[in-house]
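1. 3D, please:
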Amino acid sequence: MPSAARSPAPQAHTHGQAPVTAVLLCNLGTPEAPTPAAVRRYLAEFLSDPRVVEIPRAAWLPILYGLILPLRSAKSAAKYATIWTPDGSPLKVGTIQSKRSSISCAQPAFRGSSRSHSRGAPRPVNMTAPLTPRMIATCL
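-> Down below sits the predicted model:
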């Protein structure tokens, strides 16, 4: 006879405290510059993530380092150069602009937030790229 599913344990709650609210803007990252070296570093980091490419690492890493990075870095850098702005990568610039907009729109939701960080100030809106558990924990 199958056992009944257990209900999750109730979470602690204290009345009178505002819940902690945060906004985390995430993207998959971007090169630091539209150059072959910067694009190679970015592609190596991004494409080495097993959540992005789900091929066994013993098979994937030789393909990545032997074929993709040497052949694609310069071509991808040339394409990045066509969309690069004076302020940098369009993705990074857009994420920063979204962060600023989110801060101004979300301020009423963060008043009275009891969570503070090592510098003593609440961080209601933050951003991370690339999206990794360590980076998310750092931002929150």
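
2. and L71, how many neighbours does it have?
-> By other CB atoms under 10 Å, the residues close to L71 number 10. The way it works is simple: take the backbone N, C-alpha and C, and place the C-beta from them, glycine included.

3. Could you list the buried residues of whatever helix or strand it lives in?
-> Using DSSP states H and E, the element containing L71 is helix 69-83. For helix 69-83, the neighbour count (16 or more other CB atoms under 10 Å) marks 69, 72-73, 76-77, 80 as buried.

4. Helices of the chain, start to end?
-> 36-47, 57-63, 69-83, 90-110, 133-139 (DSSP state H).

5. To T30, which of those lies closest?
-> Closest approach to T30 among the helices of the chain is made by helix 90-110 (4.6 Å; CB to CB).

6. I'd like the average pLDDT over the closest one.
-> Mean pLDDT, helix 90-110: 73.

7. just to revisit the earlier point, how big is the angle separating the helix holding L71 from helix 36-47?
-> 110 degrees (axes from the mean of the first three to the mean of the last three CA atoms, to 10 degrees).

8. which outside residues touch helix 69-83?
-> The contact list for helix 69-83 (CB atoms under 8 Å, 6 or more residues apart in numbering) reads 31, 34-40, 43-44, 89-90.

9. try 6 Å
-> 34-36, 39-40, 44, 90 (CB atoms under 6 Å, 6 or more residues apart in numbering).

10. What subset of those residues is buried?
-> The buried subset of the contacts of helix 69-83 - by 16+ other CB under 10 Å - is 34-36, 39-40.

11. out of those residues, which one sits closest to R100?
-> The closest of these, once distances to R100 are taken by CB to CB, is P34, at 23.8 Å.

12. for that closest one, what are its contacts?
-> 77, 80-81, 84.

13. what's the most distant pair in those?
-> For those, and using CB to CB, no pair is farther apart than A77 and W84, which are 9.7 Å apart.
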